[in-house]
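Engineer: How does the following fold in three dimensions:
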Amino acid sequence: MSRSPDSPGHEAKYKLDEELHFKARCRRAKLFGVWAAEQMGMAGAKVDDYARSMVRLYVDQPRTDVVVRTVLSDLQPLNLSLTEHDVVSAFDRYLAVALEQRAEEFPWALDFDHVRAAISGQ
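Structural biologist: Presented below is the predicted three-dimensional model:
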């Protein structure tokens, strides 16, 4: 039995999928921010602050190119041997890591229990 695309169950699943993807993209921004901060020689709280700033940037402007361009701009004055390709590759790699971490946190699909809760307003 398949659900109609406009059924409450389909809508709840779509909403959940979008929320989980958004969280994974924010986690990618954080992981990428940690990597970039470490490349810049930061340590401790500065790494955390920089990573959080990448998450805020992504939330404010949810486009991946904005985060990548910002990191490239921050790396440029340091004259590191990182290329744009290196930075973009790292950014792409961290999406896979974020999705894997999300899968570990939610190893099973949220079945019809989630749908029932969404329908009943719980």
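Engineer: Which helix or which strand is home to Leu82?
Structural biologist: Under the criterion of DSSP states H and E, Leu82 resides outside all helices and strands.
Engineer: For the closest residue in space to it that isn't next to it in sequence, which residues are in contact?
Structural biologist: Once flanking residues are discounted, Leu82 sits nearest to Leu75: 6.0 Å by C-beta to C-beta, 6 or more residues apart in numbering. The C-beta positions use only the backbone N, C-alpha and C, and glycine is treated the same way. Neighbour list for Leu75: Ala36, Gln39, Met40, Leu82, Val87 [criterion: C-beta atoms under 8 Å, 6 or more residues apart in numbering].
Engineer: tally of neighbours for Gly33?
Structural biologist: Using other C-beta atoms under 10 Å, Gly33 has 27 neighbouring residues.
Engineer: I meant to write Asp49 there.
Structural biologist: For Asp49, using other C-beta under 10 Å, the count is 12.
Engineer: next one: the one 10 residues further on
Structural biologist: Number of residues near Val59 (other C-beta under 10 Å) recorded here: 12.
Engineer: just Ser73 next, same as before
Structural biologist: The number of residues packed near Ser73 is 9, by other C-beta under 10 Å.
Engineer: how about the nearest residue to Thr64, chain neighbours excluded?
Structural biologist: The shortest distance from Thr64 to any non-neighbouring residue, by C-beta to C-beta, 6+ apart, is to Phe91 (6.9 Å).
Engineer: in this protein, which residue is closest to the centre?
Structural biologist: Centroid-nearest residue in the chain: Arg25, 1.6 Å away (criterion: C-alpha atoms, centre = their mean).
Engineer: how about low-confidence regions in this protein?
Structural biologist: Scanning the chain with the threshold set as pLDDT under 70 gives 1-8, 107-122.
Engineer: quick one: the helices in the chain?
Structural biologist: Along the chain, counting by DSSP state H, helices occupy 8-39, 45-60, 64-75, 84-105, 112-120.
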